[in-house]
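Asker: got a sequence here, can you model it:
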Amino acid sequence: MDTADAMDLKPAKPAFTPYQKFVVAVLAFLQFTLILDFMIISPLGAIVMPALRITPQQFGWAVSSYAFSAALSGLMAAGFADRFDRKRLLLFFYGGFIFGTALCALADSYPLLLLARIVTGLFGGVIGSVVMAIATDLFPLQMRGRVMGFIQTAFAASQVLGLPAGIYFANLWNWHLPFIAIVAIAMPAWIIILLLIKPVDAHLALPQTHSAWTHLVWTLFEPKYTVAFATTALLATGGYMLMPFGSAYTVHNVGLSLGDLPTIYLISGLCTVFTGPLIGKATDRFGKFRTFFFGTLVTLTMVAVWTNLGAASLVTVIIINVLLFVGIFSRLIPAQALMSAVPDINKRGAFNAIGASLQQFSGGIASVIAGAIIVQNDGGPLQHFNWLGYIVMTTAVISLILMRATHRRVSESGQG
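Answerer: Numbering: from 1, shown residues only. Now for the predicted structure:
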């Protein structure tokens with residue numbers, strides 16, 4: 001048994017302090033608003049495309065514009081990410097994210113929507129990396145599986161609370177309302193961070209011997225980070241390829257109605273709320289790579305089933321979605337926990353910012369490719385959706401191989 005696995009199999013100690021629990025809750029809520037803002041555009045696709053009279057290709061650009069701008073801002077911020085109190089960085093970028101989401105709520109045309117998504121991505125793209133850096137700074141490696149499990153439960157919560165409500169009110173009124181709601185709940189969170197979160201600045205005690213530009217370049221081309229960056233980029237492929245067209249595929253190919261979408265997201269999200277923390281515990285208990293391997297097998301199976309599904313009942317679609325999300329979380333949570341052990345403490349901010357940038361850029365490319373592959377004539381079924389599944393399965397296998405290499409490096413170095 002290697003070092004990393006031996007560490008993982010130890011009892012999950014020490015226990016969380018009250019302040020650590022509070023920090024995890026705040027970080028999870030930030031992820032909830034961030035993920036909801038990104039995810040809500042996908043299930044709204046079946047409403048936005050006819051409302052703005054745009055094609056699947058144009059909608060693909062609306063989704064990917066967020067990713068490309070997030071990739072750019074993440075790369076630009078990487079050089080400075082370790083030179084400031086992480087709390088202050090979080091306040092700045094989260095404030096900009098709220099502003100961009102407000103612009104989405106006001107957009108009434110395709111160009112304005114495109115602009116709003118770009119602005120939101122410029123700020124939102126950095127938040128995830130700051131959250132990761134804070135979690136890595138405040139929690140030891142043996143606790144990070146549980147931490148990532150709880151933080152990523154925000155993904156499920158966005159499905160349980162956000163997506164069904166967002167789709168319901170979008171059907172009832174219009175597609176702008178979900179963005180208004182995100183702004184309304186995000187502003188109090190910004191105030192809580194300002195008043196109650198302590199500074200996260202222990203990394204500032206370490207000397208920064210290079211300029212911001214040199215710090216970025218040295219981190220980006222650090223040989224021991226190369227595999228980790230490649231793996232991070234590939235992990236985004238599935239979400240950006242399949243999710244933007246998931247609602248349209250469910251309606252036009254599987255044969256369910258728009259009214260069924262909230263039920264699908266609600267039930268699958270509820271199940272994920274319970275499985276997310278369990279996967280986090282399994283990650284710490286049984287090993288990060290073992291959990292990732294299990295998640296990859298489930299993902300490969302369910303992507304193959306979902307992208308080749310014909311007409312199906314609501315129950316069948318819900319079961320497939322639940323199992324698919326189990327696979328996704330069983331890859332995402334251990335991957336984040338394992339990646340957190342890769343960078344040195346004075347490079348965590350830059351490492352996470354570059355990783356987020358590469359992930360967003362890769363996701364943007366995936367979304368554009370998906371939009372180019374998908375064909376829809378006169379509101380009929382989406383054609384070539386199964387092609388996306390084959391691409392996603394290929395990248396999943398490659399990321400498994402790369403994750404094994406990362407696992408070995410962490411085990412040999414004893415980092416974290």
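Asker: right, and A335 touches T231 too?
Answerer: Yes: contact criterion C-beta atoms under 8 Å: A335 and T231 qualify, at 7.2 Å. Every C-beta, even on glycine, is put in place using the N, C-alpha and C of the backbone.
Asker: what is in contact with these two at once?
Answerer: Common contact partners of A335 and T231 (C-beta atoms under 8 Å, 6 or more residues apart in numbering): M403.
Asker: surely V273 meets A157?
Answerer: Yes: between V273 and A157 there is a contact at 6.3 Å, judged by C-beta under 8 Å.
Asker: what about those two, which has more around it?
Answerer: For V273 versus A157, neighbours defined as other C-beta atoms under 10 Å are more numerous around A157 (22 against 16).
Asker: so where does that one fall, helix or strand?
Answerer: If you go by DSSP states H and E, A157 is part of helix 141-157.
Asker: kindly report the same for F59.
Answerer: Assigned by DSSP H and E, F59 belongs to helix 56-78.
Asker: helix or strand right after that helix?
Answerer: helix 86-106.
Asker: give the rounded mean pLDDT of that next one.
Answerer: In this model, helix 86-106 has an average pLDDT of 92.
Asker: packing partners of it?
Answerer: If contacts are counted by 3 or more C-beta pairs under 8 Å, 6 or more residues apart in numbering; DSSP states H and E, helix 86-106 sits against helix 18-40, helix 110-138, helix 177-196.
Asker: from what I see, G269 and A157 are in contact.
Answerer: Yes: if you go by C-beta under 8 Å, G269 and A157 touch, sitting 7.1 Å apart.
Asker: so which elements touch the helix holding A157?
Answerer: Applying 3+ C-beta pairs under 8 Å, 6+ apart, we find helix 141-157 packed against helix 3-8, helix 18-40, helix 110-138, helix 261-286, helix 314-339.
Asker: tell me the angle it makes with helix 314-339.
Answerer: Relative orientation of helix 141-157 versus helix 314-339 (axes from the mean of the first three to the mean of the last three C-alpha atoms, to 10 degrees): 150 degrees.
Asker: export helix 141-157 to PDB, keeping only CA atoms.
Answerer: The C-alpha coordinates for helix 141-157 follow below in PDB (Å, rounded to 0.1, in the frame of the first residue of the first chain):
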ATOM      1  CA  LEU A 141      -5.100  16.600   3.500                       C
ATOM      2  CA  GLN A 142      -6.800  13.900   5.700                       C
ATOM      3  CA  MET A 143      -9.900  16.200   6.000                       C
ATOM      4  CA  ARG A 144     -10.100  17.500   2.500                       C
ATOM      5  CA  GLY A 145     -12.200  14.700   1.100                       C
ATOM      6  CA  ARG A 146     -15.000  15.600   3.600                       C
ATOM      7  CA  VAL A 147     -14.500  19.300   3.000                       C
ATOM      8  CA  MET A 148     -14.700  18.900  -0.800                       C
ATOM      9  CA  GLY A 149     -17.700  16.600  -0.300                       C
ATOM     10  CA  PHE A 150     -19.600  19.200   1.600                       C
ATOM     11  CA  ILE A 151     -18.600  22.100  -0.700                       C
ATOM     12  CA  GLN A 152     -19.500  20.200  -3.800                       C
ATOM     13  CA  THR A 153     -22.900  19.300  -2.200                       C
ATOM     14  CA  ALA A 154     -23.700  22.900  -3.300                       C
ATOM     15  CA  PHE A 155     -24.000  21.400  -6.800                       C
ATOM     16  CA  ALA A 156     -26.700  19.100  -5.500                       C
ATOM     17  CA  ALA A 157     -28.400  21.900  -3.500                       C
END
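Asker: can you give me the buried ones in that helix?
Answerer: For helix 141-157, burial by neighbour count (16 or more other C-beta atoms under 10 Å) applies to 141-157.
Asker: what mean pLDDT does it get?
Answerer: What helix 141-157 shows for mean pLDDT is 77.
Asker: closest one to W213 among the helices and strands packed on helix 141-157?
Answerer: For W213, the closest of the helices and strands packed on helix 141-157 is helix 110-138, at 17.3 Å, according to C-beta to C-beta.
Asker: ok so, going back, okay, the helices and strands packed on helix 86-106, which one's buried deepest?
Answerer: Scoring the helices and strands packed on helix 86-106 by mean neighbour count under mean count of other C-beta atoms under 10 Å gives helix 110-138 as the most buried, with a mean of 23.
Asker: tell me the mean pLDDT for that helix?
Answerer: The predicted model assigns helix 110-138 a mean pLDDT of 87.
Asker: cool, and stretch 38-51?
Answerer: Averaging pLDDT along stretch 38-51 gives 72.
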